[in-house]
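K.L.:
Prediction below, plus the sequence it came from.
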Amino acid sequence: MTNPRGAWLDDLTLPDLQARFDDDAVVVVPAFAATALPDWLPIKTGAAIARAVGQRLVDRLPVIATRETLEQELAGRAAGLKSLGITRLVVVDASFSGGPCAPPEAATLVVHVGADASKAADADEIDTSLMYALDPRSIRVDLLPPSSGASAFKGERAMAAAIERIVAALVVRWPDLSM
């Protein structure tokens, strides 16, 4: 691999992309489910979280990340990538709260970000904390319940823990990623 650092698919040139495919690159598809959100969170919440997960993986591992994908589009995206000859495809379900995305049959590995999120008493608090960490201006604070314990610190901790779990799972599956 010419560059050990990860990259976004859209940022690569065709020769760079071909070189990474020739090196059997791991392709990561950050996915999210369209779930009902509380009134204070924007519609972009799922996409923003999935994008942040993808960026952190690109920063940590020599993977190619595709743009974030709605669960409904996931099977088509995975099948399209597999048709290009990709053999190491990972779907990262970036749903911290709520149920996991349905895994497409074309994926070789599905990793769920919210593995520890189920311990939280309030799923809305997790999403709100993540958005406080990622895009605090997008939260309608005037609609946030006074009892909310959401904070940017909690969001950063949840994201960091999730990324550690994902990196560990990917390195166990493909040790060459740890170089």
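P.N.:
Sure, I can see it.
K.L.:
can you pull the pLDDT of the residue located most distally from the centre of the chain?
P.N.:
Centroid-distance maximum for the chain: residue 146 at 29.5 Å, with Cα atoms, centre = their mean. Note on residue 146: pLDDT of 91.
K.L.:
Check whether it sits in a helix, strand or coil.
P.N.:
Of the three states, residue 146 takes coil according to DSSP: H, G, I helix; E, B strand; the rest coil.
K.L.:
so where's this structure uncertain?
P.N.:
Along the chain, segments meeting pLDDT under 70 span 1-4, 98-100, 102-103, 106-107, 115-121, 179.
K.L.:
So in it, which helix runs the longest?
P.N.:
helix 152-173 (DSSP state H).
K.L.:
Dump that one to PDB, restricted to CA.
P.N.:
Only the C-alpha atoms of helix 152-173 are listed here, as PDB (Å, rounded to 0.1, in the frame of the first residue of the first chain):
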ATOM      1  CA  ALA A 152     -19.900  17.000  24.800                       C
ATOM      2  CA  PHE A 153     -17.700  15.100  27.200                       C
ATOM      3  CA  LYS A 154     -20.100  12.200  27.400                       C
ATOM      4  CA  GLY A 155     -20.300  12.300  23.600                       C
ATOM      5  CA  GLU A 156     -16.500  12.300  23.100                       C
ATOM      6  CA  ARG A 157     -16.100   9.400  25.600                       C
ATOM      7  CA  ALA A 158     -18.800   7.300  23.800                       C
ATOM      8  CA  MET A 159     -17.300   7.900  20.400                       C
ATOM      9  CA  ALA A 160     -13.700   7.100  21.600                       C
ATOM     10  CA  ALA A 161     -14.900   3.900  23.300                       C
ATOM     11  CA  ALA A 162     -16.800   2.900  20.200                       C
ATOM     12  CA  ILE A 163     -13.800   3.600  17.900                       C
ATOM     13  CA  GLU A 164     -11.500   1.500  20.200                       C
ATOM     14  CA  ARG A 165     -13.900  -1.400  19.900                       C
ATOM     15  CA  ILE A 166     -14.200  -1.100  16.100                       C
ATOM     16  CA  VAL A 167     -10.400  -0.800  15.700                       C
ATOM     17  CA  ALA A 168      -9.900  -3.900  17.900                       C
ATOM     18  CA  ALA A 169     -12.400  -5.900  15.900                       C
ATOM     19  CA  LEU A 170     -10.900  -4.900  12.600                       C
ATOM     20  CA  VAL A 171      -7.400  -5.700  13.700                       C
ATOM     21  CA  VAL A 172      -8.400  -9.100  15.100                       C
ATOM     22  CA  ARG A 173     -10.000  -9.900  11.700                       C
END
